[in-house]
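*Asks:* Sequence first, predicted model second:
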Amino acid sequence: PLPGRLRRDDLPQRAAELLQFVWEETVRPYWERRRRVLEADVLARTAQLGQGGWSTVLDALRPGMRWLGGDRLQVNLHEYPPREISGAELLFVPVTAQRHGWVSWDEGERYAVVYPCAGVLTEEPVTSSVPAALGALLGDARARVLVLLDSPMSTTQLVALTGQGLGSVGRHLRVLLDARLVRRRRAGRSVLYYRTAAGEVLVTAQRG
């Protein structure tokens, strides 16, 4: 039964005000960064899919999850009876504020595996220092992009990590490409940038 306190004519309006409050106070102030994290995670998973296939992606998606082969997918470590979902829609939903994720479903119609975004993108904005001499040579913003490429990253990932705009990151990457300090390669549907030997020498020398 509906609790007595909820039997009121203005319930829809009060519920709408509550949702608006939650959005404005707890989501909206951080949404741009969270959106970039979500986009970067999807790109990274897509690249992983192109390199290692579905089993590689699913095995690393969340703790206890793994591909069992054929059409079987283990979603956690609980010994629940198997669930047959043939013909239903299966969604993969990234979140930024959880460590383990969960599953949910609309019985027989739609199932969702909610998983945590992984990697440095989920931490507080990266504050790794840029060597002063490298910053003076390339400019702090461009040097930061080069320093962050310890491992291959997409433009969207660099935007999320640096807080710079997409256009700014793109211009920095173009200059670094022209200077042969970075290269790029396609991984699945995304393009990843990485340091060349010359770029590695430049960054390593300044870190020493």
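*Replies:* Looks like it came in fine.
*Asks:* Are there helices or strands packed against the lowest-mean-pLDDT helix or strand in the chain, and which ones?
*Replies:* The least trusted helix or strand in the chain, going by mean pLDDT, DSSP states H and E, turns out to be helix 31-59, with a mean of 77. With contacts defined as 3 or more CB pairs under 8 Å, 6 or more residues apart in numbering; DSSP states H and E, the packing partners of helix 31-59 are strand 66-69, strand 89-95, helix 155-162, strand 182-187, strand 190-195. Using the backbone N, CA and C atoms, a C-beta is placed for each residue, glycine as well.
*Asks:* Among the ones you listed, show me which one is buried the most.
*Replies:* Of all the helices and strands packed on helix 31-59, helix 155-162 carries the top mean neighbour count, a mean of 23, counting by mean count of other CB atoms under 10 Å.
*Asks:* can you list the domain ranges for the protein.
*Replies:* The chain breaks down into these structural domains: 30-116, 132-205 (assignment by the TED database).
*Asks:* Of those, which is nearest residue 18?
*Replies:* Smallest distance to residue 18 across the domains of the chain (CB to CB): 18.1 Å, for domain 30-116.
*Asks:* Could you dump the helices and strands packed on helix 31-59 into JSON lines and include mean pLDDT and distance to residue 116?
*Replies:* Putting the helices and strands packed on helix 31-59 into JSON lines (pLDDT from 0 to 100; distance: least, CB to CB, whole Å) gives the following:
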{"stretch": "strand 66-69", "mean pLDDT": "88", "distance to residue 116": "16"}
{"stretch": "strand 89-95", "mean pLDDT": "91", "distance to residue 116": "6"}
{"stretch": "helix 155-162", "mean pLDDT": "84", "distance to residue 116": "15"}
{"stretch": "strand 182-187", "mean pLDDT": "84", "distance to residue 116": "22"}
{"stretch": "strand 190-195", "mean pLDDT": "83", "distance to residue 116": "20"}
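*Asks:* Mind listing what's buried along the least confident helix or strand of the chain?
*Replies:* 34, 36-49, 57-58 (16 or more other CB atoms under 10 Å).
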